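In: Please find the sequence and the predicted model below.
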Number of protein chains: 2
Amino acid sequence: MAEMNLVQTRVDAIRRLVRRKATQPLTRALTKSSAADIAEALAHLTRNECLFLAKHLPDTIAGETLLTCNEETMRVLIDGVAFERLTRWLDEMEPDDQADLIERLPDELQRRLLERMLPTDRQNVEELMAYPQDSAGGIMSPVAFRLNDATTCREAISALQEQGDVEMVFYLYVENDAGQLVGVTSLRQLLMNSPSTALAEIMTSDVIAVSAETDQEEVARIAQRYSFLAIPVVDDTRKLLGIVTVDDVLDVVREEAAEDMLKMAGVPEDSSNDTDGALTAARKRLTWLLVTLVGGVGLSEVIGLFEETLAREAVLAGFIPLVMGLGGNVGIQAATLTVRGLAVGGVAYDRASSARLLFKEGQVGLVMGLALAVLLAGYCLVRYPNWELAAAVGLSIVLAVLTSAVLGTLIPMSLDKVGVDPAVATGPFVTTSIDWIAIVVYFVVCTRLFGF
Amino acid sequence: MAEMNLVQTRVDAIRRLVRRKATQPLTRALTKSSAADIAEALAHLTRNECLFLAKHLPDTIAGETLLTCNEETMRVLIDGVAFERLTRWLDEMEPDDQADLIERLPDELQRRLLERMLPTDRQNVEELMAYPQDSAGGIMSPVAFRLNDATTCREAISALQEQGDVEMVFYLYVENDAGQLVGVTSLRQLLMNSPSTALAEIMTSDVIAVSAETDQEEVARIAQRYSFLAIPVVDDTRKLLGIVTVDDVLDVVREEAAEDMLKMAGVPEDSSNDTDGALTAARKRLTWLLVTLVGGVGLSEVIGLFEETLAREAVLAGFIPLVMGLGGNVGIQAATLTVRGLAVGGVAYDRASSARLLFKEGQVGLVMGLALAVLLAGYCLVRYPNWELAAAVGLSIVLAVLTSAVLGTLIPMSLDKVGVDPAVATGPFVTTSIDWIAIVVYFVVCTRLFGF
């Protein structure tokens, strides 16, 4: 793809200049590059090459690069770069980025950097660090350009011209004399109206704002719902604390999607941390496997009940994986579609739509079960010319697939109703219960209905 | 949460006004509401209530509402609203939204609406509809505010003031005399510089642009990488075709995350279509289940090879689900972490990092396998005081879990290397191959090493 080539070319150029130790062209290239490009180049360099690059990194972009690069590169840089330089890098960053960076550093370095900051900056950063990382407060930027509602358009434009360092002004937030957020307007509105108009006359007064404690997923949902480029964060008295910008929202959407995916695979949230050793990682991931283990041990007892049958008709054992596997796959398909529906809809299904979805999944399960059963029964008739085996396996498949489709829909819905995140349901929890049902159905059909 | 309550209050207010048939206040409320709020209110109304609401819907927001609401409401509205009104709604929309809406309508209505449009509008829409839906061309908005590089800041501001109807001007795109995109600047830059400065002097000339054919996922990646609010789309000669805005990017990120989730669950992309009947839905979802079916039939043959052993030691059958289940879960954990790494990283792992990840997953698999084996062997010793069974089951678990962890990492990596989307690998494909390995390992260990 032409565009990725463009990005790749930029990244490769940086790497080449570092390897050739071309000081002058490297400095020039770094000045023009984005933090993301530099971070990617760093990921492919050796320790010494990283430090050589860091030596020529402009302070203005160094902090953002540090925030963007991977854990390993970050360790190399904070170990290898002088403390004084680190503090200069930090000084160039926005408060929300400062807080994010400091939070990712070792405790000792955190303390030293905070001590060195200006008291006001430090207070800003410490306030931001106090909010939970996944709340609006944790992702907001405390700098928001704000103006009194009596300000005229002309005054607003001058104010904007003086205030050089505000990043990304999309919206201008308007406060009343008490400092409460009362309206919002845009740079464009300033230009479209006569210079003497007061902001109070042109602003939209119906501002949607969130509190600092609002969950970041909720913030993302509101931003998407209204196509906002930024959402103001206010305190209890409606004083403006900061803004969450759309690039933070994008990060949230990606993060949450990745989290859901991991949850569905039975990987606990915090185990994606690359710095964990194998022991810690194993311990974290074992949690859900214990559910499978206990479920499986129980299942071995159930199968044990049919030991005599199995000893007589060992061929029955051969279809255990098939009944389990098909039931499990169908259950996961249904559960994933349901979880996705809940996530995209953002609202709980009401009674009528739940019933409709359940009925439809039941139908789909029945059709799939019948199709698979016909294929499998056909195979059994040809392979072991035994119509009873064919009928038993076929009927088991229909029942197992049908139940799995219904359960795969019902479990996430019920979890959502009682306030549990439905994404956890497709993990080992659903598959284990479906395994149970499939096996019990299989043996009951084989022994009771077909007298094996 | 206070914020969702705010949204909910707005939605509920609309519903109440409709039910009370309060014409005047409803019209006022709809004028102030967002399309998303109205669409949500519609989802909870009966057919007649929907049509009553539609009667009072301002034309300016009706098209967007239609685009936002669910399939069912859309059908109710396009059936119940007069053709002439629909055309007025369409006239108020941006070309990209017009194209999106028309694409979702029945063929006959598509034809009639296109015939009715102004020739230039129609051409715009038909051009947009010609691009694949998941390409930059398919999601771009063809209106982008563009200026010649000789324009001064003062002239640019006047041009902007005249051009009232451009939605969301974040960036001003600058063209040379040949109409090629040569730079980009912002509204803010216009204000910060002297009115007589030419755009050529203040613009950033290093513009990252994509082509109309670029995959939407690639566009989203670039937007996130550089925190762009909009990305210009250009043709082969670098003429500006349109822009993809950040709200489109947000939609793409959500869509792609949902798609990946479905793929990993073995649900084909197009089967999330709610309008499919049960038969069609079943046919689509059966594809991957056939892999499981064929794999399972093969597995029944493998187990058949050990029929004699099973007839003698039926207890061995009881542990089949356990060995398969644990192997499968560990494989899915590893595969999901790998798929996520590939998706978030956006770049293929290089040889060194692949080897490192593989080694680490192997270690994690070994530790988890050992832990599970100890628990399970302990259970076997207590339940069936038989040290050979305990040892055989324990050893099988270690080997199955270890292999699954390695395979779960290796398969998505290899697929990515050869250009196949790794998300498909965690579906029935990985689980089926892991089932095979787990079962073969189990029976070989039981019969060869422990002489069952």
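Out: The structure has been received and is ready for your questions.

In: After the lengthiest helix in chain A, which helix or strand is next?
Out: The helix that spans the most residues within chain A, counting by DSSP state H, is helix A:351-383. Later in the chain than helix A:351-383, the nearest helix or strand by DSSP states H and E is helix A:387-417.

In: Would you mark the buried spots in that next one?
Out: By 16 or more other CB atoms under 10 Å in any protein chain shown, the buried positions in helix A:387-417 come out as A:389-413, A:415-416. Every residue, glycine included, has its C-beta placed from N, CA and C.

In: residues near residue A:418, how many?
Out: Neighbour count of residue A:418, defined by other CB atoms under 10 Å in any protein chain shown: 6.

In: In the stretch 101-250 of chain A, where is pLDDT below threshold?
Out: For the stretch 101-250 of chain A, the stretches with pLDDT under 70 are A:164-169.

In: Nearest residue to residue A:67 in space, please, no chain neighbours.
Out: residue A:101 (5.1 Å; CB to CB, 6 or more residues apart in numbering or on different chains).

In: how much space between the one you found and residue B:298?
Out: For residue A:101, the distance to residue B:298 (CB to CB, to the nearest Å) stands at 53 Å.

In: Same check on residue A:57?
Out: 57 Å.

In: Show me which of these two is the more surrounded one.
Out: residue A:57 (24 against 15).

In: Name the SS class of the more buried one, please.
Out: Here residue A:57 is coil, with the state taken from DSSP: H, G, I helix; E, B strand; the rest coil.

In: thinking again about what came up before, mind listing residues that contact whatever helix or strand the residue nearest to residue A:67 lives in?
Out: Assigned by DSSP H and E, residue A:101 falls within helix A:95-103. By CB atoms under 8 Å, 6 or more residues apart in numbering or on different chains, the surrounding residues in contact with helix A:95-103 are A:63-64, A:66-67, A:90, A:93, A:110, A:113-114, A:121, A:124-125, A:128-129, A:133, A:139-143, A:242.

In: mind listing what's buried in it?
Out: For helix A:95-103, by 16+ other CB under 10 Å, it's A:95-102.

In: chain center to that helix: distance?
Out: Helix A:95-103 has its C-alpha centroid displaced from the chain centroid by 20 Å (CA atoms, centre = their mean, to the nearest Å).

In: what do you get for stretch A:213-223?
Out: The chain centroid and the centroid of stretch A:213-223 are separated by 13 Å under CA atoms, centre = their mean.

In: May I have that stretch as CSV, with CA atoms only?
Out: In CSV, the C-alpha atoms belonging to stretch A:213-223 read as follows (Å, rounded to 0.1, in the frame of the first residue of the first chain):
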residue,chain,number,x,y,z
GLU,A,213,-15.5,10.1,37.5
THR,A,214,-17.4,9.1,34.3
ASP,A,215,-16.1,5.9,32.9
GLN,A,216,-13.9,6.4,29.8
GLU,A,217,-16.1,4.0,27.8
GLU,A,218,-19.1,6.2,28.5
VAL,A,219,-17.2,9.3,27.4
ALA,A,220,-16.3,7.5,24.1
ARG,A,221,-19.9,6.5,23.6
ILE,A,222,-21.1,10.2,24.0
ALA,A,223,-18.3,11.5,21.7
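
In: follow-up on the earlier one: so of the contacts of helix A:95-103, which ones are in strands?
Out: Here DSSP state E is the test, and those give residue A:242 as lying in strands.

In: are any of the contacts of helix A:95-103 buried, and which?
Out: By neighbour count, with 16+ other CB under 10 Å, the contacts of helix A:95-103 hold A:63-64, A:66-67, A:90, A:93, A:113-114, A:121, A:124-125, A:128-129, A:139-143, A:242 as buried.

In: So residue A:202 sits against residue A:151, correct?
Out: No - judged on CB atoms under 8 Å, residue A:202 makes no contact with residue A:151 at a distance of 10.7 Å.

In: sorry, back to before: sort out for me which of the buried ones among the contacts of helix A:95-103 are in helices.
Out: Using DSSP H, the members of the buried ones among the contacts of helix A:95-103 that fall in helices are A:63-64, A:66-67, A:90, A:113-114, A:121, A:124-125, A:128-129, A:139.

In: need the contact list for residue A:177.
Out: Applying CB under 8 Å, 6+ apart, one finds that residue A:177 lies in contact with residue A:148.

In: ok and the residue in the stretch 51-200 of chain A nearest chain B?
Out: Chain B sits closest to residue A:187 of the stretch 51-200 of chain A, with a gap of 5.1 Å, by CB to the nearest CB.

In: Okay, the closest residue to that residue other than its chain neighbours and residue A:12: tell me how far apart.
Out: Residue nearest to residue A:187 in three dimensions, not counting chain neighbours: residue B:187, with 5.1 Å by CB to CB, 6+ apart. According to CB to CB, residue B:187 and residue A:12 sit 34 Å apart.

In: Comparing these two, which shows the higher neighbour count?
Out: Shown here are residue B:187 and residue A:12; by other CB under 10 Å, residue B:187 has more neighbours (22 against 14).

In: how about that one, phi and psi?
Out: phi -50, psi -40 (degrees, to the nearest 10).

In: Pretty sure it sits against residue A:189.
Out: No - counting by CB under 8 Å, residue B:187 stays clear of residue A:189, with 11.0 Å between them.

In: list residues touching both of the two?
Out: The overlap between the contact sets of residue B:187 and residue A:189 (CB under 8 Å, 6+ apart) is empty.

In: give the contact list for residue A:421.
Out: Contacts of residue A:421 by CB under 8 Å, 6+ apart are A:263, A:415.

In: Tell me if stretch A:297-316 is near chain B.
Out: Yes - shown here: stretch A:297-316 in contact with chain B (CB under 8 Å from any CB of the partner chain) through A:297, A:299-301, A:303-304, A:307-308, A:310-312, A:314-315.

In: then that stretch to PDB, C-alphas only?
Out: Backbone C-alpha positions of stretch A:297-316 (Å, rounded to 0.1, in the frame of the first residue of the first chain) are rendered in PDB as follows:
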ATOM      1  CA  VAL A 297     -13.100 -33.300  36.100                       C
ATOM      2  CA  GLY A 298     -16.900 -33.300  36.700                       C
ATOM      3  CA  LEU A 299     -17.400 -34.400  33.100                       C
ATOM      4  CA  SER A 300     -15.000 -37.300  33.600                       C
ATOM      5  CA  GLU A 301     -17.200 -38.400  36.500                       C
ATOM      6  CA  VAL A 302     -20.300 -38.100  34.200                       C
ATOM      7  CA  ILE A 303     -18.600 -40.200  31.500                       C
ATOM      8  CA  GLY A 304     -17.600 -42.600  34.200                       C
ATOM      9  CA  LEU A 305     -21.300 -43.300  34.800                       C
ATOM     10  CA  PHE A 306     -21.400 -44.800  31.300                       C
ATOM     11  CA  GLU A 307     -18.200 -46.800  31.700                       C
ATOM     12  CA  GLU A 308     -19.900 -50.100  31.100                       C
ATOM     13  CA  THR A 309     -21.500 -48.800  27.900                       C
ATOM     14  CA  LEU A 310     -18.200 -47.500  26.800                       C
ATOM     15  CA  ALA A 311     -16.400 -50.800  27.600                       C
ATOM     16  CA  ARG A 312     -19.000 -52.600  25.500                       C
ATOM     17  CA  GLU A 313     -19.200 -50.000  22.600                       C
ATOM     18  CA  ALA A 314     -15.900 -48.300  22.600                       C
ATOM     19  CA  VAL A 315     -16.800 -46.700  19.200                       C
ATOM     20  CA  LEU A 316     -19.000 -44.200  21.200                       C
END
